[in-house]
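Peer 1: Pasting the sequence and the predicted coordinates here, then a few questions.
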Amino acid sequence: MFKMLVPILMAGTALYAAETEPMAAVCDQLLAALEQETASLTKMQAADDVPAALEELRDSLQKLEALMAVDAKELWTYIDNTTGAKQPLVDELERLALQFARVQKAAFFNNAELKSLLAPQVLEQPKTHRSKREKLHEIDHDE
């Protein structure tokens, strides 16, 4: 009897925590959107596969964009301070980075829409590059 009760109580506690902690739901949505993006890119093995997977890719990118409305500092605080929250995200980001590299190496399968959709995540933007250099400069000269 007790063996059955413990998992039920633990599951109930996890559900309660997810309901009372809005960042838990956001973290779950972030992971799900990243997994969806990885899956859609994984389906793209040749140029013929791209059109069928683009809709799923667009959907995952829209979900990720919707999450940008969340306070990033609050989300990262939650991820950094919640046991078990960070590692699944890191693992998925590693899988996603491998897919980015593969698709980029394949020259986006000569698909302009795919390249356009992934450009903000894959291609170095001059403004972003300048911002990174400025941050590095601040760090190097910060004494």
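Peer 2: Ah, there it is. Numbers count the residues shown, from 1 in each chain.

Peer 1: Any stretches of this protein with poor pLDDT?
Peer 2: Confidence mapping of the chain against pLDDT under 70 gives the ranges 1-20, 125-143.

Peer 1: For M23, give its distance to L30.
Peer 2: Taking C-beta to C-beta, to the nearest Å as the measure, M23 falls 10 Å from L30. (Glycine included, C-beta is placed from N, CA and C.)

Peer 1: list residues touching both of these two?
Peer 2: Counting by C-beta atoms under 8 Å, 6 or more residues apart in numbering, the contacts common to M23 and L30 are L75.

Peer 1: Quick check, central residue of this protein?
Peer 2: Compute the mean C-alpha point of the chain, and by C-alpha atoms, centre = their mean the closest residue is L34, 3.7 Å away.

Peer 1: you'd agree that residue is up against V90?
Peer 2: No: under the contact definition of C-beta atoms under 8 Å, L34 does not touch V90, with a separation of 10.6 Å.

Peer 1: what touches both of these two?
Peer 2: With contacts defined as C-beta under 8 Å, 6+ apart, no residue is adjacent to both L34 and V90.

Peer 1: Now name the helix or strand holding the residue nearest to the centre of the chain.
Peer 2: L34 belongs to helix 22-42 when elements are defined using DSSP states H and E.

Peer 1: try P51
Peer 2: Assigning secondary structure by DSSP H and E places P51 in helix 50-66.

Peer 1: Thanks a lot, catch you later.
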